[in-house]
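A.B. asks: fold the following and give me the result.
(2 chains)
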Amino acid sequence: MRAAETLLRAGLSAALIDEAPLAGGQIYRQPPESLRRPARQLYGSEARKALALHESFSRLRTSIDYRPETLVWGAREKRLLLSGPAGNTELAFDKVILATGAMDRIVPVPGWTLPGVYSLGGAQVVLKGQACLIGKRPVFIGTGPLLYLVAYQYCKAGAEPAAIVDTSDFTAQIGALPRLLSQPATLLRGIWYNAALVARRVPVFRSAKPQKIEIRGRQLVVTFKRNGKSFEIGGDAVGMGWGLKPETQLAEILGCAFSFHAGSRWHLPRCDAMGRSSTEHVYIAGDASGIRGADAAEAAGELAAFAVLEDLGHTVPQTRRQRLLAHLARAERFRSGLERAFPYQVPELAGDTVLCRCENVTVEEVRAAISSWQISELNQLKALTRCGMGRCQGRLCGSAAMEVLAAETGVEISDVGSIRGQIPLKPLIGARFQRKAAP
Amino acid sequence: MQCDVCIIGGGLVGCSTALHLVRAGKSVVLVERDRIGAHASGANFGGVRRHGRNVLELPLSTRAFDIWRNMGTLVGNDCEFMPTGHLKIARSEAEMAVLEQWSSFGAEHGIPVVLHDRTSLRANFPWLNTSSFGASFCPGDGHANPRLAAPAFALRAGAEGAVVIQGDGATTVEDARDEFEVTLHSRRRIRAAVLVNAAGAWGRHFARYYGDEAPVEAVAPQMFVSEPVPYIIDAVLGMVTGGLYLRQIPRGNVIFGGGRGILDPNCHRSSPSDRVFAETVGLAGDLVPSLRDIAVIRSWTGVEGHCEDGLPILGPSPRRANLYHAFGFSGHGFQMAPAVGAVLSELIARGFSETDISALSPRRFTGAKSSILAESEI
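C.D. replies: Below you'll find the model as predicted:
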């Protein structure tokens, strides 16, 4: 939205393509009309930012080619392939800014595919978008700021979380403080959420090692170990997540170069500070090129638009540009602090754990295949085991599969590869391609 | 490195040749530029059919049929081969005539087929559309998982003594007295008395070292897979026109192919075309109407060698003794490759094979052009 606004202000014509029915992305998601609530209730301390963004967008709606509920399912050179309410169409462009965001990162704890187990992002989507809770007494497990934020939001919405089970170490979180001070306001918000959870007597277990999730009667029970002791916490739902990972498939299809990012243990598209990718006409903003959060995303969106304008020979306001760059640099430092405080760690997984839920492939099967086929690369693993071959195309299992492959072969995580993106970027219904349209 | 036979190309043809040769007592080095089965061998449709093949391929194809049925015993992995039968669809009377004609060829080669008219088609294959004119059904043919086949052969060959080199391709081939000297990308050198050129879409390049010309071009057939849905399509489908081929695996995914993707300028890699995507997915929904309501989850391509006359380049080089070509399979390699290895190992180890592959000889491009019917389906 910030990128679009900046481009329009400079007099360019722009199209905004969004998979969601209403603008706002994940963080500033708008519920449908029938479920509207006051912004303060929806977005908490971020209400002012949300309102500002929604207002500025509604001002430009009439001057932009806005296409909600539209999936970009592929791209070739300077054409995007769209699938939306208008059917399947193509859109030619001169420059494209990818603001494809991020999705949850998962550690496959045995039982993670049971009904009642949600990702943290999913738990937040139903709350914001549909005014629903995943449960009244959910257990939240995983790590990262989202773990505490979602628990806090659930408290505010009337839930009583049974516990927060954090797999990270408290000392790591203290150790990361110097870097986290690069964004004191954000850090303060994190501390505030923690304090609020303590005040509501939500038990928080740090340095936990989740063992399994089971259904017992009408409860979901999470078993975890901590300091050698075993704990069981029951609730009516589980929300889990280990931070976020960028959605980069479209950048890959557009030919952008990637490099491995050690802090996030993931391959990221290579960009300059303004968001220019290695492909001349492709720019990337926000979490799509590395998780830096919502504030940084607004700055990055504006900067990517500046980069487009510069490359088209326009002049951009230099002081504003410098200020945004400084903001992003701080966000970058903050991110490295978060990566230290809440690292993505996949523990030694039990053999019968389902690693790939789409194709129902277990850790055991993957390990056996790695040794019998002498597998050393992720796409080879996919081809021979179907891990990552299903509906989600490895979005959910990709991270954990990389870790299992690296642990099993002794190959560095940076060298096991990543699952190759192919069209369609998300599942597409065949009927959309029928030459004779159904009546 | 010294060996009896060096094989260039770790596709299914090269891997099958390696296994059969080590079993015939030869020392073998196989070199693959990328990964085993990385290109056409791993990315193809997975059709295992004799049905509708050019008659000149039938001796080889028939032999391959017997190998496929015993794949588990041969390589220790059945490669998910399923003998569902193959159904070839005619959309008009003229197309039906093609099927009728082939049924007599089939009978001569011991491949009985069943012809269906519109009514019996509906009775036997209720999931098909109602607009097909008729079809021919070949029992025993079927499908397998191409991602497993070449690695399974390579693994077995390696276990039995073949040296399998991956990620290090042949760059040049030279004569070294009466032997071949193959230099790899890493500068490693391999000396061999016999050389097998199984370099697929890139086989033409190695053939030229010895003046053997073959009109083989690289193409990239495009494949698709759907989300899993209940298993109803219990035969492999093909069309007389070759525009679409389709199968379902018991876990539910429907796999189909048709049209060609986009080749990189250097013909090394390829990617799916969105235009072909729209056309082929549309065709699949026309043929099996229930597919209109399900989601396609991925499309992919692989680079394969397509010969001008639609037939493989297979047999001894007309110009250089001890050089064998086995490339340009024109979409027919997956089914036939297991037999290609058997035949080449007989030619190399014993000097003759009972399977007649003379019509596929590279010799056909040295002089007058042969008039052979092209066939486009995989």
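
A.B. asks: domain assignment for chain B?
C.D. replies: Following the assignment in automatic domain parsing, chain B carries domains at B:2-63+B:146-216+B:308-365, B:84-142+B:218-306.

A.B. asks: for whichever residue of the stretch 151-300 of chain A sits closest to chain B, give me the pLDDT.
C.D. replies: Shortest the stretch 151-300 of chain A-to-chain B distance, computed as C-beta to the nearest C-beta: residue-wise this is A:Ile253, at 8.3 Å. C-beta: built from backbone N, CA, C; applies to glycine. You'll see A:Ile253 listed with a pLDDT of 95.

A.B. asks: again, but for B:Ser376
C.D. replies: Predicted confidence (pLDDT) for B:Ser376: 41.

A.B. asks: picking that back up, for the residue of the stretch 151-300 of chain A closest to chain B, which non-adjacent residue is spatially closest?
C.D. replies: A:Ala75 (5.2 Å; C-beta to C-beta, 6 or more residues apart in numbering or on different chains).

A.B. asks: next, the contact list for that neighbour, please.
C.D. replies: A:81, A:96, A:250, A:253-254 (C-beta atoms under 8 Å, 6 or more residues apart in numbering or on different chains).

A.B. asks: which SS class is it?
C.D. replies: strand (DSSP: H, G, I helix; E, B strand; the rest coil).

A.B. asks: that one and A:Gly394: what is the separation?
C.D. replies: 19 Å (C-beta to C-beta, to the nearest Å).

A.B. asks: how about the helices in the chain?
C.D. replies: All of this refers to chain A. A:2-9, A:39-43, A:47-60, A:120-130, A:145-156, A:170-175, A:177-180, A:184-199, A:249-253, A:293-311, A:318-341, A:363-373, A:378-385, A:398-409 (DSSP state H).

A.B. asks: chain B is the one I meant
C.D. replies: B:12-23, B:40-43, B:58-69, B:71-75, B:93-108, B:118-124, B:146-159, B:203-208, B:274-287, B:333-350.

A.B. asks: of these, which approaches A:Gly24 most closely?
C.D. replies: Nearest of the helices of chain B to A:Gly24, taken as C-beta to C-beta: helix B:274-287 at 29.2 Å.

A.B. asks: quick revisit: got the contact list for the residue of the stretch 151-300 of chain A closest to chain B?
C.D. replies: Counted by C-beta under 8 Å, 6+ apart, A:Ile253 has contacts A:74-75, A:421-423, A:425.

A.B. asks: buried sites along the longest strand seen in chain B?
C.D. replies: Ranked by residue count, the top strand of chain B under DSSP state E comes out as strand B:189-197. Residues B:190, B:192-197 are the ones in strand B:189-197 that count as buried (16 or more other C-beta atoms under 10 Å in any protein chain shown).

A.B. asks: without its sequence neighbours, what residue ends up closest to B:Gln222?
C.D. replies: B:Gln222 sits nearest to B:Gly261 (C-beta to C-beta, 6+ apart), 4.2 Å away.

A.B. asks: for the residue in the stretch 51-200 of chain B positioned nearest to chain A, grab the count of nearby residues.
C.D. replies: Nearest to chain A, among the residues of the stretch 51-200 of chain B, is B:Arg147, at 4.1 Å (C-beta to the nearest C-beta). For B:Arg147, the count of nearby residues is 23 (other C-beta atoms under 10 Å in any protein chain shown).

A.B. asks: ok, the residue nearest to it when sequence neighbours are not counted - contacts?
C.D. replies: Nearest residue to B:Arg147 in three dimensions, chain neighbours excluded: A:Ala383, at 4.1 Å (C-beta to C-beta, 6+ apart). Going by C-beta under 8 Å, 6+ apart, A:Ala383 touches A:389, B:42, B:147.

A.B. asks: same check on A:Gly301?
C.D. replies: Here A:Gly301 is in contact with A:1-4, A:6, A:97, A:99, A:285-286 (criterion: C-beta under 8 Å, 6+ apart).

A.B. asks: per-residue confidence for the residue in the stretch 301-439 of chain A that chain B sits nearest to?
C.D. replies: Nearest residue of the stretch 301-439 of chain A to chain B: A:Pro427, at 3.5 Å (C-beta to the nearest C-beta). For A:Pro427, the pLDDT comes out at 94.

A.B. asks: over to A:Ala437?
C.D. replies: pLDDT at A:Ala437 comes out at 42.

A.B. asks: for the stretch 101-250 of chain B, which residues are neighbours of chain A?
C.D. replies: Residues of the stretch 101-250 of chain B that fall close to chain A, judged by C-beta under 8 Å from any C-beta of the partner chain: B:147-148, B:151, B:155, B:226-228.

A.B. asks: enumerate the residues of the stretch 51-200 of chain A near chain B.
C.D. replies: Residues of the stretch 51-200 of chain A lying near chain B (C-beta under 8 Å from any C-beta): A:74, A:76, A:81, A:88.

A.B. asks: you'd agree the third one is up against A:Ile423?
C.D. replies: To tie it back to what came earlier, the one meant is A:Leu81. Yes. In this structure, A:Leu81 is within contact of A:Ile423 by C-beta atoms under 8 Å, at 7.4 Å.

A.B. asks: who touches both of the two?
C.D. replies: In contact with both A:Leu81 and A:Ile423: A:73-74, B:274, using C-beta under 8 Å, 6+ apart.

A.B. asks: format the residues you listed as a markdown table; extra columns: distance to B:Ser353 and pLDDT.
C.D. replies: Below are these laid out as a markdown table (distance: C-beta to C-beta, whole Å; pLDDT from 0 to 100):
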| residue | distance to B:Ser353 | pLDDT |
| --- | --- | --- |
| A:Trp73 | 49 | 95 |
| A:Gly74 | 46 | 95 |
| B:Asp274 | 45 | 91 |
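
A.B. asks: can you pull the contacts of the spatially closest residue to A:Ser371 that is not a sequence neighbour?
C.D. replies: Spatial nearest neighbour of A:Ser371, excluding adjacent residues (C-beta to C-beta, 6+ apart): A:Glu408 at 7.4 Å. A:Glu408 makes contacts with A:366-367, A:370-371, as judged by C-beta under 8 Å, 6+ apart.

A.B. asks: check A:Gly398 and give its pLDDT.
C.D. replies: In this model, A:Gly398 carries a pLDDT of 95.

A.B. asks: contacting residues for the closest residue to it other than its chain neighbours?
C.D. replies: Leaving out its chain neighbours, the residue that sits closest to A:Gly398 by C-beta to C-beta, 6+ apart is A:Ile419, at 5.1 Å. A:Ile419 makes contact with A:378-379, A:382, A:388, A:393-394, A:398, A:401, according to C-beta under 8 Å, 6+ apart.

A.B. asks: and what of A:Glu252?
C.D. replies: A:258, A:269, A:420-421.

A.B. asks: out of these, which comes closest to A:Met240?
C.D. replies: Using C-beta to C-beta, the contacts of A:Glu252 come closest to A:Met240 at A:Gly421, 24.9 Å.

A.B. asks: what's the neighbour count on the residue nearest to that closest one when sequence neighbours are not counted?
C.D. replies: Leaving aside its sequence neighbours, A:Gly421 sits nearest to A:Gln249 (C-beta to C-beta, 6+ apart; 3.7 Å). By other C-beta under 10 Å, 22 other residues sit near A:Gln249.

A.B. asks: thought A:Gln249 was touching A:Leu425?
C.D. replies: Yes. Taking C-beta under 8 Å as the definition, A:Gln249 is a contact partner of A:Leu425 at 5.0 Å.

A.B. asks: which one (most neighbours) among the contacts of A:Glu252?
C.D. replies: A:Pro269 (24 neighbours).

A.B. asks: which residue sits closest to the residue of chain B found nearest chain A, ignoring its sequence neighbours?
C.D. replies: Relative to chain A, the nearest point of chain B is B:Ala295 (3.5 Å; C-beta to the nearest C-beta). Spatially, and ignoring its direct neighbours in sequence, B:Ala295 is nearest to A:Pro427 (3.5 Å; C-beta to C-beta, 6+ apart).
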